[in-house]
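> prediction below, plus the sequence it came from.
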Amino acid sequence: MKKNISITRKFFMMCYVLVFTSTIIAQDMIFKTNGEVIEGKVVEITDLLVKYKKINIPGNVIYSIAKSNVSKIVYANGKEEIINATNTIYPYAYPEEYEKLKFDSIVRKKKNIVGWDAAQFIYVSAGMAYERFFGKLSQFSIRIPFSFGFYYIGNDDNLIINDNKSYNYYNGQNDNYYIYQKGKIFGSSLEFNYYPFGMGKLRYFLGCYAEWGYFAYRIKKEIKVQDPYGGYYLTSYVEPMRYDGQHIAGGINNGFIYHINQWLTITGNFGLGLKKDETVLVGDKILTQVKLNLIFGIKF
């Protein structure tokens, strides 16, 4: 009985050794475009590289070969993968172009930007923005800029707008154009942008935006009063009450994004559209709007 058990153990031990040995011997085969074959264990295939280990070399050393130099890979299990590479000299003959493609591949994989909007200082505001990219080439994005105004703080004169309906003292000119900037409390927009050339070192984009804001104001009235001698003169007063208004706008965007490196970006944006700053006055007009952003961002 013991003899049979011993024979059984030896049989299973031999099977284990055979399986283990065949596992070691079985390797992936990397066929290069110049006809050379590399044997090893493929561990990763990226946009630019094929990474592999050499089984006959101890340790965890990982080797790399340019993907453009590989025609196909035949795995140990018999599966074959064709690598679409046509240029056999490219990575070595044009190292600058190779580095450019490598950089573009890195920044495409980073899908988020959080940044500080320096252009908001023009509007006496403090602003930030978040942008999220979509697609393999990061061709589409949604950006959400937001800002807080501080022009009106501590100075009620900046909140005053004129009621030109009481008397046409300003000959129909609209001096309330900047009421949103002067009384701004908060503003934000939703932007949809398209990068026609994907993501890279310097890229152009275009898109559209919808904007909403919240502001405070008071009203200055100009009134025509008859004097005792039958003539007329103007007087004015400011209503002490503070009102709240809303800013609504929409239009088109276009601009650029520049990658200082793979983590830091600069985004310049110029928008042109229409706006309406709604107040309690009758006849708020729809006016043209120019929108500027200069965002210094961190990409991740």
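Thanks, I have the structure now.
> hey, which strand is longest across this structure?
strand 202-226 (DSSP state E).
> show me what the mean pLDDT comes to for stretch 220-238.
What stretch 220-238 shows for mean pLDDT is 68.
> cool, and stretch 114-125?
Stretch 114-125 comes out at a mean pLDDT of 92.
> so for it, what gets flagged as buried?
Residues of stretch 114-125 classed as buried under the neighbour-count rule (16 or more other Cβ atoms under 10 Å) are Gly115, Asp117, Ala119, Gln120, Tyr123, Val124, Ser125. (C-beta placed from N, C-alpha, C; glycine too.)
> in JSON lines: those residues, plus secondary structure and distance to Gly40.
Converted to JSON lines, those look like this (DSSP: H, G, I helix; E, B strand; the rest coil; distance: Cβ to Cβ, whole Å):
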{"residue": "Gly115", "secondary structure": "strand", "distance to Gly40": "43"}
{"residue": "Asp117", "secondary structure": "strand", "distance to Gly40": "50"}
{"residue": "Ala119", "secondary structure": "helix", "distance to Gly40": "53"}
{"residue": "Gln120", "secondary structure": "helix", "distance to Gly40": "55"}
{"residue": "Tyr123", "secondary structure": "helix", "distance to Gly40": "59"}
{"residue": "Val124", "secondary structure": "coil", "distance to Gly40": "63"}
{"residue": "Ser125", "secondary structure": "strand", "distance to Gly40": "58"}
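> who's the one residue sitting closest to the centre of the chain bridged to?
By Cα atoms, centre = their mean, the chain has its centre lying nearest to Glu131, at 3.4 Å. Beta-bridge partners of Glu131, counted by DSSP bridges, are Ile113, Arg143.
> quick one on the thing from earlier: and which of the buried residues of stretch 114-125 is nearest Phe296?
Gly115 (5.5 Å; Cβ to Cβ).
> name the helix or strand for Thr235, please.
Per DSSP states H and E, Thr235 falls inside strand 232-238.
> any idea which helix or strand comes after that strand?
Next element after strand 232-238 (DSSP H and E): strand 243-259.
> what mean pLDDT does that next one get?
Strand 243-259 comes out at a mean pLDDT of 95.
> same deal with stretch 135-148?
For stretch 135-148, the mean confidence score works out to 94.
> can you give me the buried ones in that stretch?
Buried, per 16+ other Cβ under 10 Å, within stretch 135-148: Ser138, Gln139, Ser141, Arg143, Pro145, Phe146, Ser147.
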